[in-house]
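Undergrad: Predicted structure and sequence below. I'll ask about it afterward.
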Amino acid sequence: MDFVMKQALGGKWATKDMGKMLGGDEEKDPDAAKKEEERQEALRQQEEERKAKYAKMEAEREVMRQGIRDKYGIKKKEEKEAEAQAAMEANAEGSLTRPKKAIPPGCGDEEEEEEESILDTVIKYLPGPLQDMFKK
């Protein structure tokens, strides 16, 4: 096998570690399982410490956010949604059908007036004889 390793490395002699990398026999470490378990435990502990650190940072940020909300009278998104849901439920009490959707401003009867004003605007830009035709 030494000759094969020597050829694989371009004529240089290989060490024991090189033999392992090339698929040779590995030496068995009797404490390998114990070391692996200790390594896994250390990784778990580091992960828990990292999570605790970021949870603490997020709590500090939330305190700061709440201070800003209180100062400017801003509500959290969840609070707004809860109030909207409560308002919908209050409107729907005693109703057998689903709640009606609110009609946004500008919809409905106002459209006819808006169309007339658009027509008037267009007429203003027409030449005199055409304006007279449309006004009749």
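TA: Everything's here; your move.
Undergrad: which residues in the chain form helices?
TA: Remark: helices assigned in the chain by DSSP state H are 2-8, 16-21, 32-72, 77-92, 110-124, 128-135.
Undergrad: now the ones you listed in TSV, with mean neighbour count and distance to residue 102?
TA: For the C-beta atoms, the positions are set from N, CA and C on the backbone; glycine is no exception. Compiled in TSV, those are given as follows (neighbours: other Cβ atoms under 10 Å; distance: least, Cβ to Cβ, whole Å):
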stretch	mean neighbour count	distance to residue 102
helix 2-8	11	78
helix 16-21	12	71
helix 32-72	10	27
helix 77-92	10	10
helix 110-124	10	15
helix 128-135	9	37
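Undergrad: Present these as JSON lines; the columns should include mean pLDDT.
TA: Formatted as JSON lines, these follow (pLDDT from 0 to 100):
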{"stretch": "helix 2-8", "mean pLDDT": "54"}
{"stretch": "helix 16-21", "mean pLDDT": "62"}
{"stretch": "helix 32-72", "mean pLDDT": "95"}
{"stretch": "helix 77-92", "mean pLDDT": "80"}
{"stretch": "helix 110-124", "mean pLDDT": "67"}
{"stretch": "helix 128-135", "mean pLDDT": "76"}
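Undergrad: Dump those to CSV, plus distance to residue 103.
TA: Shown next, in CSV, are the helices of the chain (distance: least, Cβ to Cβ, whole Å):
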stretch, distance to residue 103
helix 2-8, 81
helix 16-21, 75
helix 32-72, 31
helix 77-92, 14
helix 110-124, 10
helix 128-135, 32
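Undergrad: For residue 69, give me its contacts.
TA: Residues in contact with residue 69 (Cβ atoms under 8 Å, 6 or more residues apart in numbering) are 75, 76.
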